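[1] below are the sequence and a predicted model; questions follow.
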Amino acid sequence: MKAGTLTLVLVNLAGIMERADESLLPGVYKEVGEALHSGPTGLGFLTLFRSMVQALCYPVAAYLAARHNRAHIIAYGAFLWAAATFLVAFSSTFFQVAVSRALNGIGLAIVAPAIQSLVADSTDDTNRGTAFGWLQLTSNLGSIIGGLFSLLIAPVTVMGIPGWRISFHLVGIVSVIVGILVWLFAVDPHFPNGSMDASDQVPSKSFQSDVKDLVQEAKSVIRIPSFQIIVAQGVTGSFPWSALSFAPMWLELTGFSHEKTAILMGTFVVANSLGGVFGGMMGDFLSKRLPNSGRIMLSQISSGSGIPLSAILLLVVPNNPSTVFLHGLVLFITGFCISWNAPATNNPIFAEIVPENSRTSVYALDRSFESVLSSFAPPTVGLLAQYVYGYKPITPEGSDGISTDRENAASLAKALFAAIAIPMALCCAIYTFLYRTYPRDRDRARMKAITESEIQLIESESLHTRGIHLQIESGERRELNIDEKTIMEVPYEDYSDERTLLVTR
């Protein structure tokens, strides 16, 4: 297998494990809540702690990915999140789990921008959406693995160890193995010799100089209007996805077993994966037919469809475990239709509006800004469910049983719809501003790239000319300066070692 192909396989494998680790806790919210005697608000804050730390660490990720071998950075991130996952499995109090999840966010933050920039560097404007669609599909396999695995093993107890703790241990072990494979076999095209530091590639700089360059680059990216708009829609558009971390808990409260909940969530993630590939391909297709508006139109259709579909899923379909097929059908349609934004529009446009060397920064900054506010989605859903819609936290005695669960399911469904519909509407509206800014920012970036390539060409020609002069000098040239004249003696083989004097002024 070629080095480039093997690298893409390993990078996608790392993406799978990253998403698997992220989806572990939401898959066992119910069991963790019972073990820690915590309700939806507390469980939501566990995800908030991880997301906040993750958001704050994205600038560090941008620095590391820009200055070091990205394959090695991905491996380090895998080792770090694996260690934090082990800590969650050993934790026995809410505080310990919160600290462990916060540490987990550091490892996850390091990996994501490096993966995205590697994919962007390996594609062009005509197929970048498709590549990001496939990345979304493989990453969602991680969500299926993490979510299904944790749900299926949750009711099992092995040697007195609860199943949810075992799932964290196993994912941590696999993450370490993946990290080792990435370290040994993955290759960053910017570091083909496998070196770790950029000092082998470019003149070394001090840490302060590197940080100053990174800040300057971040400022230039933030000033781009299209970046500001995509981040603004991303803040609102990612809020519903964070809120959906409560979907497994909602299905279980509705009355579905762990197995059926796992199947339903797997159906949603499969649909999301297929929708990502479809959205990426359609984005590439429309960008050729409608270069200034095709990608934007597709995302508005996707985000707009999320409002009626979520209403049908959460408010219309009966909260009854006998409607498993109907739930599965609506979940599939919803997952397929609302998953086009990132592969079709956001990620390809980011790669088009910044220079190639700024791609890691643009993806890291996007993740950072979006994660800060979207991380408040889980606790927001918990607060709405408990204090607005009447959710009753499960007590250790568990008094009312099924009737309480049904009431809680209805409360959680209303809270989820509020956390999905309003942000989706804002997301759809914000995309409208891209019709004005995107063509201008894209053309500006292309012109800058052309200018830089011409400058590099001129410099390379200058170096080539200088090299010719150096070759002449190496031919036993002897120079004498006489009254502003330079007399050079140069050997000419065609004249049988005769010497010709060249006089230049």
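    Great, that's in hand.
[2] which parts of this structure are strands?
    Taking DSSP state E as the test, the strands found in the chain are 157-158, 161-162, 478-482, 485-491, 499-504.
[3] between these, which gets the lowest average pLDDT?
    If the strands of the chain are sorted by mean pLDDT, strand 499-504 sits at the bottom with a mean of 41.
[4] neighbours around Phe227, how many?
    For Phe227, the tally of surrounding residues (other CB atoms under 10 Å) stands at 22. Yep, even glycine has a C-beta here, placed from its N, CA and C like the rest.
[5] contacts only, for it.
    In this structure, Phe227 makes contact with Val221, Phe350, Ile353, Val354, Val362, Leu365, Asp366, Asp441, judged by CB atoms under 8 Å, 6 or more residues apart in numbering.
[6] do that again at 10 Å, thanks
    With contact taken as CB atoms under 10 Å, 6 or more residues apart in numbering, Phe227 is in contact with Ser220, Val221, Ile349, Phe350, Ile353, Val354, Val362, Leu365, Asp366, Phe369, Thr437, Asp441.
[7] nearest to Phe278 among those residues?
    Closest approach between those and Phe278, by CB to CB: Ile349, at 18.0 Å.
[8] quick check, the closest one in contact with Pro343.
    No. Contact status for Ile349 versus Pro343: not in contact, 11.1 Å apart, counting by CB atoms under 10 Å.
[9] which one of these two has more residues nearby?
    When Ile349 and Pro343 are compared on other CB under 10 Å, the one with more neighbours turns out to be Pro343, at 29 against 26.
[10] how close does that one get to Leu151?
    26 Å (CB to CB, to the nearest Å).
[11] same check, this time on Val60
    With distances taken as CB to CB, Val60 is found 33 Å from Leu151.
[12] ok, these two, which is more surrounded?
    With neighbours defined as other CB under 10 Å, Val60 and Leu151 compare such that Leu151 has more, 31 against 16.
[13] helices along the stretch 101-250 of the chain, start to end?
    Using DSSP state H, counting those that start in this stretch, the helices of the stretch 101-250 of the chain run over residues 128-153, 163-185, 207-222, 225-243, 247-254.
[14] to Leu309, which of these lies closest?
    For the helices of the stretch 101-250 of the chain, the distance to Leu309 is smallest for helix 225-243, at 11.1 Å, taking CB to CB.
[15] excluding chain neighbours, what is closest to the residue nearest the centre of the chain?
    Within the chain, one residue has its C-alpha closest to the average C-alpha position: by CA atoms, centre = their mean, that is Ala112, at 4.3 Å. Counting by CB to CB, 6 or more residues apart in numbering, Ala112 lies nearest to Arg367, which is 5.8 Å off, once chain neighbours are set aside.
[16] ok, the one you found - contacts?
    Applying CB under 10 Å, 6+ apart to Arg367 gives the contacts 54-55, 57-59, 61-62, 108-109, 112-113, 116, 231, 234, 238.
[17] let me know the pLDDT of it.
    Listed pLDDT for Arg367 reads 76.
[18] again with the one 5 residues further on
    In this prediction, Val372 carries a pLDDT score of 71.
[19] just Leu108 next, same as before
    In the predicted model, Leu108 carries a pLDDT score of 81.
[20] got any ranges where the stretch 251-400 of the chain has weak pLDDT?
    Along the stretch 251-400 of the chain, the model assigns pLDDT under 70 to residues 375, 393-400.
[21] now do the helices in it.
    Using DSSP H, counting those that start in this stretch, the helices of the stretch 251-400 of the chain run over residues 258-289, 294-311, 324-337, 341, 347-353, 359-374, 377-387.
[22] which of these has the highest mean neighbour count?
    Among the helices of the stretch 251-400 of the chain, ranked by average contacts under mean count of other CB atoms under 10 Å, first place goes to helix 341 (a mean of 27).
[23] distance from that one to the middle of the chain?
    For helix 341, the distance from its own C-alpha centre to the chain's C-alpha centre is 13 Å (CA atoms, centre = their mean, to the nearest Å).
[24] what of stretch 246-260?
    Using CA atoms, centre = their mean, we find the averaged C-alpha position of stretch 246-260 to lie 27 Å away from the chain's own average C-alpha position.
[25] quick check: end-to-end length of it?
    Stretch 246-260 has an end-to-end distance of 16 Å (criterion: CA to CA, to the nearest Å).
[26] buried ones in it?
    Taking 16 or more other CB atoms under 10 Å as the basis for neighbour counts, the residues of stretch 246-260 that come out buried are 246-256, 258, 260.
[27] one step back: nearest to Trp81, of the contacts of Phe227?
    For these, with Trp81 as the reference and CB to CB as the criterion, the closest is Asp366, at 20.1 Å.
[28] measure the closest one to Val235 for me?
    When CB to CB is applied, the distance between Asp366 and Val235 equals 10 Å.
[29] just Leu103 next, same as before
    Separation of Leu103 from Val235 (CB to CB) stands at 25 Å.
[30] cool, and Ser209?
    Counting by CB to CB, the separation of Ser209 from Val235 is 32 Å.
[31] which one of those two is surrounded by more residues?
    Comparing Ser209 with Val235 by neighbour count (other CB under 10 Å), the higher total belongs to Val235, at 20 against 10.
[32] now that one: how far from Ile224?
    Note on Val235: its distance to Ile224, by CB to CB, is 16 Å.
[33] and what of Gly328?
    Gly328 sits 42 Å away from Ile224 when distances are taken as CB to CB.
[34] kindly report the same for Gly335.
    If you measure Gly335 against Ile224 using CB to CB, the figure is 31 Å.
[35] equivalent analysis for Gly283, please.
    The separation that Gly283 has from Ile224, given CB to CB, amounts to 20 Å.
[36] ok so, going back, give the contact list for the residue nearest to the centre of the chain.
    By CB under 10 Å, 6+ apart, Ala112 lies in contact with 14-15, 18-19, 54, 58, 61, 65, 74, 77, 139, 363-364, 366-367, 371.
[37] swap in Thr267?
    Thr267 makes contact with Ile144, His327, Gly328, Leu329, Val330, Leu331, Phe332, Gly335, according to CB under 10 Å, 6+ apart.
[38] which one among those residues gets closest to Val97?
    Ile144 (23.6 Å).
[39] wait, the closest one sits on Ile16?
    Yes. Judged on CB under 10 Å, Ile144 makes contact with Ile16 at a distance of 9.2 Å.
[40] now for these two: what residues contact both?
    When CB under 10 Å, 6+ apart defines a contact, no residue borders Ile144 and Ile16 alike.
[41] list the contacts of stretch 152-159.
    Residues from elsewhere that reach stretch 152-159 (CB under 10 Å, 6+ apart): 27-28, 30-32, 162-167, 170, 248, 252, 257-259, 261-263.
[42] what about the stretch 101-250 of the chain, any weak spots by pLDDT?
    Counting by pLDDT under 70, the stretch 101-250 of the chain has low-confidence residues at 192-207.
[43] repeat that for 50
    Low-confidence segments of the stretch 101-250 of the chain, defined by pLDDT under 50, span residues 199-201.
[44] neighbours around Ile450, how many?
    When counting by other CB under 10 Å, one arrives at 10 neighbours for Ile450.
[45] gap between Val88 and Val372?
    Distance, Val88 to Val372, using CB to CB: 23 Å.
[46] Met249 too?
    24 Å.
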